[in-house]
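Engineer: Fold the stuff below for me.
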Amino acid sequence: MRGVVTAEGERDTRGEGGIGDDVKNRGFGMKRRHPAQRHHWRESILVTAVVAAACLLVAFAQVPVQDQQPAGSALRPAVMGPSGGVSAGHPLTTAAAFGVLLKGGNAFDAGVAALLAGGILEQDLYSLGGEALVLVYPKNEGKVTSVVGQGWAPHAVDVDWYLTRHKNLQGEGLDPAVVPGALHAALTVLERWGTMSVEEVAAPAIEYAERGFPMRPSTARAIQNQLKFFERWPGNKAYWLKPDGAPYKPGETITLPATARTLRRMVEAERGAKARGRAAGIIAARDRFYKGDIAREMVAFLRQHDAPFDESDFAEYFARIEEPARTTYRGYTVYKHGFGSQGPVLLQTLNILEQFDLHAMRYASANYLHTVVEAMKLAYADRDSYYADPAFVKVPSDGLLSKAYAKERAALIDPRRASTAFVAGDPLRFDSRVKDWPYWRANVRDTGTAARNAPDPLLLSSLGQDSAGVSKDTTHIAVIDRDGNIFDVTPSGGWVPGAVILGDTGIGMSVRGEQFWLDKTRANQIRPHARPRYTLTPSLVFKGNTPMMALGTPGGDNQDQTILQAFLSIVEFWDDWYPNLHGALERPRVQTLHFYGSFWPHKPGFNQLNVEATVPDAVYNELRARGHDVSRLRPFGMSGCATAVMIDPASGNRFAAGDPRRDCYAIAY
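Structural biologist: Model (predicted):
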């Protein structure tokens, strides 16, 4: 006999001798049987196999042929259209942008409408008192521009101000507060690149705030978790709870009239100045918030509660417009915010990974994940050392993004062993402008192995979570229109967790100051009117010199890890997902904690690695064998929700996708 294939894929060539000792040796644990027993056993196996096959055929036959999906298909359908695409963190936020596009607005009008609407709908993730970091690609300009809507610290404070008063930057209340930046960024984008008025783009936000919207489960959970904080701030209680003091349940309708009134006052200012032109009207609306009666009311509340702000902190604030940071990776150009953000950590990691053949390693193999994680660890050591507000610190940006520097850093990766070091490189040798660094550099030669016996409250706080593990998080909005304009924003801050509602304005004050250090040796220390080195990190990707994709995510320190893994899934393994972009975002992810947390008190999670349960056991065990302190997360359990829109290089069609890990939702038309 030629034999049969066994369950383990080996060929059985033993003829009629039946199952013998070699099967026992392979682990089946069976002894030789009498011929009659062997015959009965074979019949049983055959009957079982036939029944199982019949059940499978019946189940398969119940699915119409056109609906049968091959194994490994994406959970969500392909979202594609010839004209435009939107992906955002909430279905109604996506709908707000989509509605503006259908009315003839461009990507910037639609993006600002979504940003304002999301600031009502997604306040467990951000509010209009938070920050918004934007990348824009106006087709007629042919270049990417960065809009830094990160608020700054009041001019009265510095490290000594906090230390002498025995204060810290724990992320709740008014001590870590910074000026709200989201509205300035939104209206700056609208003024410079939009076509519509504030009244038009704010209409969805005002309608939801006045007429109400369904409370989503994640917001309800955030409110429930903050009831103790609300006891200290009665305005928060009045804003978020029913008149009888009960919290809203998921699915119930909540209205936010105070925020609606603030937006209507801004629209009134626009109407009064509209005769001087569209731009004048937008500026008038923005000025009423930052320089007018709204600002005076916010500052009065802050002063009443001994917060060190005055009206000049608001009146002088502006969303900074600057050139983005960028690098190339195997024919793609990736744009990020500059070194006042954590964005370049993605660029540095890509420069390091360019030295390796990731495609040959296969996505989510042990070699692949080990290499990606080790590259991220090197980049994070540089982030925690060199990144800071460029208005105050001369950052060696050219050196940090040097390909030669990346090659030097890549050589430090041991393919068989996880590094326990946390040591910054020396980019100054590769930088023509910056030759001196007066601040702290990471130089931890052996971090050891962190204990995982119980969640560490200080580590949770440093990762932007409270003691219950509830995250103060972020969202993302990406828009492409029919003309090829691209809007990409990562808004955050002013959340339900920890943000104080400023009087009757309905504005929750950002606590992003918690990402400063109260340490004069650190580049990212708090200074008068400095912006903290923020975690918010939108991304634009070109194929060569042609715009292709906007991509971003929430997730605090994890943002660029999510973006990196999504980007590599897309560009390195294109044929595996094309044309359903959802497929690229659904693959398993990992997360290193090998850095100092960006949030106060900045505790590190050295050598810790979180792995989603969809990573095979063999890979998990191999990562552990290489020295990673590995921990399992549930399937799709990673912090983050990648949202992406794309212009397909082959067809010009618009693709859009939203990560299944949260409420992210995509649409194209």
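Engineer: can we go C-alpha only for contacts and neighbour counts from here?
Structural biologist: Will do.
Engineer: okay but residue 601 is in contact with residue 458, surely?
Structural biologist: Yes - Residue 601 is within contact range of residue 458, at 6.7 Å (criterion: CA atoms under 8 Å).
Engineer: The two: which is more packed in?
Structural biologist: The residue with more neighbours, out of residue 601 and residue 458, is residue 601; 24 against 19, by other CA atoms under 10 Å.
Engineer: count of residues packed around residue 329?
Structural biologist: Other residues close to residue 329 by other CA under 10 Å number 16.
Engineer: quick one: pLDDT of residue 46?
Structural biologist: Looking at residue 46, its pLDDT reads 45.
Engineer: now residue 458
Structural biologist: We have a pLDDT of 73 for residue 458.
Engineer: With residue 448 instead?
Structural biologist: Reading off the model, residue 448 has pLDDT 77.
Engineer: how about the nearest residue to it, chain neighbours excluded?
Structural biologist: residue 420 (6.2 Å; CA to CA, 6 or more residues apart in numbering).
Engineer: need the contact list for that neighbour.
Structural biologist: With contact taken as CA atoms under 8 Å, 6 or more residues apart in numbering, residue 420 is in contact with 445-449, 606-607.
Engineer: Just the element for it, please.
Structural biologist: Assigned by DSSP states H and E, residue 420 belongs to neither a helix nor a strand.
Engineer: how near is it to residue 414?
Structural biologist: Separation of residue 420 from residue 414 (CA to CA, to the nearest Å) stands at 11 Å.
Engineer: And residue 530, by the same measure?
Structural biologist: From residue 530 to residue 414 the distance is 39 Å (CA to CA).
Engineer: These two: who's more crowded?
Structural biologist: A count of neighbours by other CA under 10 Å puts residue 530 above the other of residue 530 and residue 414, at 25 against 13.
Engineer: per-residue pLDDT, the more buried one?
Structural biologist: For residue 530, pLDDT reads 98.
Engineer: Isn't it up against residue 156?
Structural biologist: No - here residue 530 does not reach residue 156: they are 11.2 Å apart, not a contact under CA under 8 Å.
Engineer: ranking the contacts of residue 420 by neighbours, who comes first?
Structural biologist: Busiest of those [other CA under 10 Å] is residue 607, holding 25 neighbours.
Engineer: who's in contact with the nearest residue to it once chain neighbours are set aside?
Structural biologist: Closest residue to residue 607 apart from its sequence neighbours, by CA to CA, 6+ apart: residue 594 at 5.2 Å. Neighbour list for residue 594: 377, 380, 422, 604-609 [criterion: CA under 8 Å, 6+ apart].
Engineer: so residue 594, which of the three states?
Structural biologist: coil (DSSP: H, G, I helix; E, B strand; the rest coil).
Engineer: Ok, residue 302 next?
Structural biologist: Put simply, residue 302 is helix when judged by three-state DSSP.
Engineer: how close does it get to residue 179?
Structural biologist: 11 Å.
Engineer: Between those two, tell me which one has more neighbours.
Structural biologist: When residue 302 is set against residue 179 and neighbours are counted by other CA under 10 Å, the residue ahead is residue 179, at 26 against 20.
Engineer: Helix or strand for that one, just tell me which one.
Structural biologist: Going by DSSP H and E, residue 179 is not part of any helix or strand.
Engineer: so who does the residue lying closest to it once chain neighbours are set aside touch?
Structural biologist: Spatial nearest neighbour of residue 179, chain neighbours left out: residue 151 (4.7 Å); criterion: CA to CA, 6+ apart. Neighbouring residues of residue 151 by CA under 8 Å, 6+ apart: 130-131, 178-181, 317, 512, 531.
Engineer: what's near enough to touch the nearest residue to residue 78 once chain neighbours are set aside?
Structural biologist: The shortest distance from residue 78 to any non-neighbouring residue, by CA to CA, 6+ apart, is to residue 580 (4.3 Å). By CA under 8 Å, 6+ apart, residue 580 lies in contact with 74, 77-79, 655.
Engineer: So among those, which ones count as buried?
Structural biologist: For the contacts of residue 580, a burial check counting by 16 or more other CA atoms under 10 Å picks out 74, 78-79, 655.
Engineer: Tell me which of the residues you listed has the lowest pLDDT.
Structural biologist: Confidence-wise, residue 74 trails the rest of those, at 90.
Engineer: Tell me if it really is in a strand.
Structural biologist: No - counting by three-state DSSP, one finds residue 74 to be coil, located in no strand.
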